[in-house]
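Asks: Based on what follows, work out the 3D shape:
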Amino acid sequence: MFDILNGAAGGDVTVLENKLTAAGAFTSAVATSGAAFDEETKSENIALLAAVTADPATVASAQLATQDFVSAYTPLAVIHINDHHSHLEPNTGAELSFDGEIIGVETGGFPRVVTKMLELGAAYPSALLLHAGDAITGTIFYTSFKGEADANLMNQICFDAFALGNHEFDDSDAGLAQFLGFLNANPDLCQTPVLAANVVPEVGTPLLPEADSSLIEPYVVFETMGQQVGVIGLVIAGKTQNSSSPLETTQFLDETETAQRYIDELTAMGVDRIILLSHYQYENEIALAQNVRGADIIVGGDSHTLLGEAFTGFGLNPQGPYPTVTTDLDGNPVCVVQAWQYADVVGELLVDFDRNGRVRRCSGSPHLLLGETFTKSVEINGDSQDVELEGDERQRVLDIIAAAPELDVVIPDPIAAGVLAGYAEQVDAFRTQIVGRSEETLCLERVPGQGRSALCEVEATQANGGDIQQLVTEAFLQRSFEADIALQNAGGVRIDIPAGEITIDTAFTLLPFANTLVNLEMTGAEVKQVLEEAVANFVDGEGSTGSYPYGANIRWHLDLSQPAGSRFSNIEIRFKDSDVWVALADDAKVTVVTNSFLAGGRDGWFTFGDVSDEGRVVDTFIDYAQAFIDYLQQNLGGAAPGDPILDSPPLASPLPCDAYSTQQFTNADGQLLLPDPNVGRACEL
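Replies: Presented below is the predicted three-dimensional model:
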């Protein structure tokens, strides 16, 4: 490394500094720019110094040389986030490992993002503040405010560019247009360019009301420190079309071809520092870098990838180095970064260029944003309780954090915190918003005949299980868009739904955990295996009956009196877009949607974990409670996407009898439980 302030082999730059006052502006400018160089630039730097110091009287020449030097060699700073998904409040349930001890921490929260991004933005004269998409959907803040809360908090930063993600289209083009209206509602205070080079709306649709009034652009060009920097936006095309809700008339172009087209266009304009602001998944983004010419930086999103190998020491699971460096088709370096998810991490990328605009070096750090309070679990009177760290224990944690560039205790920005508090107060009122109604009680049950319902007699569920679990799996299936079948654990569904109104609060009480919908690519044999595991968890092991399986587009006979591995029989499925029930073959290829908890192999569903570990998994990042709300509103009718209030709430009712996953149930005593025609629903199966 060669740093012009610290000298080079064979010479003392400090001596040169002291010789000539004319070079004072030069050295001070370099000092504030943060310029640093490798061995390849030594001779060029020394020649420049010689030119500047040859004639001390030529102050003007020195100043011009200073400007050229600083412009050419000041690192480009890119401060970035992605996939915050309406997670505006902090995560109060996070844990990190400090010297092997598990410590509870508070992470993220958008007011902390505001603090860190503004701090880093002010530290570099060349900084660009970028968001790589999926700003919206995922929490009650989006359900309640349809992006207004996200936009107002994003505007506390005023991003230099925002790329669209696939979830920006979840409420179709009209919902996206509404969000972008919030984002750029006051252009005199903040105007954020919205980028999506491979999205082509039709004229007359919400994103392109008139031919000359598009809400999105392919790229934006900045001038920073005398250099032009182009930022091109890309969104993952197939996933957006298949798993979100864009208009059929909105076109999504190939990501690689589109990137190269606009790189070439910018290069022809003389722009030689090019960033792809790409919502395209980490592995795809590495491949994209390797299959184009002329991209210098990819700031990515969609895969929610944590980068930074040092995070391993704190009990996290990073997927690669920060930054990840690969090469393009011409062998030139490309810096690839992401900043995890949910407003937990802010990325700080520094890129040095040579005079020809080629990347010389990538550096920087991700910053995991932490609160000031730390807890540990202790046993008190036989119960495990969280106790706040104090004194030396707390200081030990703070000392570890201070020594780790990737960890930062961050004070929330007070203005942003005030904005968030205003929306948080309104959330309580929005929780009472009606999103549907049920014409009869939707009974809760775990194992058929167990009697877990607070509202229904056991006879109502003894043959086929819970109505509400069935409806939840149907919602998951419909909102996955890609799955053939859905599977859900009984215990993940928490309440009966009585006849009458269904509110937002009902949905989040029904499905209260921090889970998302996950698609798994499985064989028929693996589906059979995971069903057997779910039941063995409580029949043969010490697990809870909450692992009992429910499904959509799949049905079976179950006999708990049989030995493990042979309890399920007559398993049938309906493949996506088919109305025909067929026997599940071992070699069938089946896409299964489930919740992220089960996808990790939890609750005894071990095969799900194996499939995920092998990479046959795609997290949709759709909050599972939001999926249930969307199912009520969009699949059962009664509301257009984005409507704040339902005049005619959609009607939820038990599914047809032949759609229940448990078609026949025999308990552990060998008793076949039959429907009771005198109580509740009586399916004749």
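Asks: Quick check, Ala483 in contact with Asp577.
Replies: No. At 11.3 Å, Ala483 and Asp577 do not qualify as touching, with contact defined as C-beta atoms under 8 Å. Just so you know, the C-beta spots here come from the backbone N, C-alpha and C atoms, and that holds for glycine as well.
Asks: the more surrounded of the two?
Replies: Ala483 (24 against 6; other C-beta atoms under 10 Å).
Asks: Quick check: the more buried one is in a helix.
Replies: No. With DSSP: H, G, I helix; E, B strand; the rest coil as the criterion, Ala483 is assigned coil and is not in a helix.
Asks: Now do the helices in the stretch 401-550 of the chain.
Replies: For the stretch 401-550 of the chain, the helices defined by DSSP state H, counting those that start in this stretch cover 414-430, 467-480, 504-510, 524-539.
Asks: Just name the most buried of these.
Replies: With neighbours taken as mean count of other C-beta atoms under 10 Å, these reach their highest mean count in helix 467-480, at a mean of 26.
Asks: Restricting to C-alpha, output stretch 101-113 in PDB.
Replies: Extracted in PDB, the C-alpha atoms of stretch 101-113 (Å, rounded to 0.1, in the frame of the first residue of the first chain):
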ATOM      1  CA  GLU A 101     -21.600 -16.400  25.800                       C
ATOM      2  CA  ILE A 102     -25.000 -15.700  24.300                       C
ATOM      3  CA  ILE A 103     -26.100 -12.200  24.900                       C
ATOM      4  CA  GLY A 104     -29.500 -10.600  24.000                       C
ATOM      5  CA  VAL A 105     -29.200  -7.400  21.900                       C
ATOM      6  CA  GLU A 106     -31.500  -5.000  20.200                       C
ATOM      7  CA  THR A 107     -30.700  -4.600  16.500                       C
ATOM      8  CA  GLY A 108     -31.700  -2.300  13.700                       C
ATOM      9  CA  GLY A 109     -34.700   0.000  13.600                       C
ATOM     10  CA  PHE A 110     -34.900   2.600  10.800                       C
ATOM     11  CA  PRO A 111     -33.900   5.500  13.100                       C
ATOM     12  CA  ARG A 112     -30.600   3.800  13.700                       C
ATOM     13  CA  VAL A 113     -30.200   3.400   9.900                       C
END
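Asks: Would you mind listing the buried residues in that stretch?
Replies: Neighbour-count burial for stretch 101-113, counted by 16 or more other C-beta atoms under 10 Å, picks out Ile103, Gly104, Val105, Glu106, Thr107, Gly108, Gly109, Phe110, Pro111, Arg112, Val113.
Asks: Report the mean per-residue pLDDT for that stretch.
Replies: Stretch 101-113 comes out with an average pLDDT of 98.
Asks: can you check stretch 197-213 too?
Replies: Averaging pLDDT along stretch 197-213 yields 97.
Asks: Would you agree Asn284 falls within a helix?
Replies: Yes. Counting by three-state DSSP, one finds Asn284 located in a helix.
Asks: Next one: it relative to Gly300, how far apart?
Replies: Between Asn284 and Gly300 the distance is 8 Å, computed by C-beta to C-beta, to the nearest Å.
Asks: the more surrounded of those two?
Replies: Shown here are Asn284 and Gly300; by other C-beta under 10 Å, Gly300 has more neighbours (34 against 19).
Asks: Need the pLDDT of the more buried one.
Replies: Gly300 is assigned 99 on the pLDDT scale.
Asks: just checking, it touches Ile275?
Replies: No. Contact criterion C-beta under 8 Å: Gly300 and Ile275 do not qualify, at 10.7 Å.
Asks: re earlier: quick one: which of the buried residues of stretch 101-113 is nearest to Ser561?
Replies: Within the set of the buried residues of stretch 101-113, Gly104 lies nearest Ser561; the separation is 43.8 Å, counting by C-beta to C-beta.
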